[in-house]
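# Just need the structure, nothing else, for what follows:
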Amino acid sequence: MAQQDIVAFLEKNYPNEKIKYLGQGSDSDAFRVGTRVFRFTSKNISIYAKDADICHFVQPYVDVQVPDIQIVHRDGFQYAVHEMLMGERWSWHKFQFSPARQRNLARSAAQFLAQLHSIDTDALVRAVPALREGVPYIDFDVVVAHLRPFMTARQLRRFREMYERVVNAPVAKSDMVLVHMGLKGANSVVYPDGRLKGVFDFCNCGIYERGRDLVLFSLSRNKRLYNQFLREYQKLTGVRISRKHIRELALIEFLWAKRWYIGDVFAPMGANIVARNVGQVLMHFYHLPEIMKPLVRLFMKIHARMLRK
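Numbers count the residues shown, from 1 in each chain. As a prediction, this is how the structure comes out:
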């Protein structure tokens, strides 16, 4: 689906609205038209239909705003559309130097996830049959070629042992909850005082171990924010969280989802994705400062190209 065709469609049907291209996702193009967001896909619209169904189900259970998504088929186009959630976009960095805003974000984010994780998953699955329960883990041997050049034999052996222990560990039913899988600045907005106002992009939602929703805060490199968030989450849920377990989840998070590795992982796009994710693992394995991320990413891209030769 060519962008110019989408723009022509939007200009024809919304002649009085300002149209702005927002960017390209893994299988869609997003546009802002007036106060609404349109996501067009030439592939299966079902992922956005699932997003819409989850948002409709979740809305009564959470205090933050979630989008009211409509799925539309019109003039040969298929797209999801919803009113844009208005608020301030944020990043981990912006909250490092504002204690009050940081405290408000930590508390409201913990409250949102506590509410999300308390939803009856049996009722949810009946309402949204497309919802996935669990994610198949990728075999460690698939990515070992990317890790081997950067770890000693002893480090690699210990990493493998940790990886296999975590991914094969049984999870209590009470810890299998609805997780958002992406609570960060790119998928939410806040009030001026830092409180979470709205959350969107539920496409990657699933019924997984609750710890997966806590990983992003541990990856923020903002220890005060993470500590405040974790304390509040434990207080609200009554669930004791192992920081060691969250750290282990964080180390392997970018190797988890098999969807990143569909087909030949050494195909050009697949190799770049693998390189990016392995680079994230190495950043946290060696406790590298955030300023090193662009260099690590560039180095991993070069490494991926060398593996393909």
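# Could you measure from residue 201 over to residue 235?
In this structure, residue 201 lies at 27 Å from residue 235, with Cβ to Cβ, to the nearest Å as the measure. In this view, the C-beta of every residue, glycine as well, is placed from N, C-alpha and C.
# ok, now residue 9?
In this structure, residue 9 lies at 49 Å from residue 235, with Cβ to Cβ as the measure.
# how deep is residue 44 tucked in, by neighbour count?
When neighbours are counted by other Cβ atoms under 10 Å, residue 44 registers 10.
# scratch that, residue 298 is what I was asking about
The number of residues packed around residue 298, counting by other Cβ under 10 Å, is 12.
# mind checking pLDDT for it?
Looking at residue 298, its pLDDT stands at 81.
# And for residue 273?
Residue 273 carries a pLDDT score of 65 in this model.
# repeat for residue 267
According to the per-residue confidence, residue 267 scores 41 in pLDDT.
# so where is the stretch 51-200 of the chain shaky, pLDDT-wise?
In the predicted model of the stretch 51-200 of the chain, residues 96-97, 132-138 satisfy pLDDT under 70.
# which stretches of it form strands?
Using DSSP state E, counting those that start in this stretch, the strands found in the stretch 51-200 of the chain span residues 70-74, 77-83, 176-179, 188-190, 196-199.
# Could you list every helix and strand that the last one packs against?
Yep, that's strand 196-199 we're talking about. helix 99-117, strand 188-190 (3 or more Cβ pairs under 8 Å, 6 or more residues apart in numbering; DSSP states H and E).
# Next up, the contacts around the most centrally placed residue in the chain.
Nearest to the mean C-alpha position of the chain, counting by Cα atoms, centre = their mean, stands residue 182 at 2.8 Å. Each residue near residue 182 by Cβ atoms under 8 Å, 6 or more residues apart in numbering is listed here: 201, 204, 216.
# before we move on, the earlier item: could the helices and strands packed on strand 196-199 go into a markdown table alongside distance to residue 301 and mean neighbour count?
Compiled in a markdown table, the helices and strands packed on strand 196-199 are given as follows (distance: least, Cβ to Cβ, whole Å; neighbours: other Cβ atoms under 10 Å):
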| stretch | distance to residue 301 | mean neighbour count |
| --- | --- | --- |
| helix 99-117 | 32 | 21 |
| strand 188-190 | 29 | 22 |
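# Hmm, residue 240 is touching residue 234, no?
Yes: the criterion here is Cβ atoms under 8 Å, and residue 240 meets it with residue 234 at 6.4 Å.
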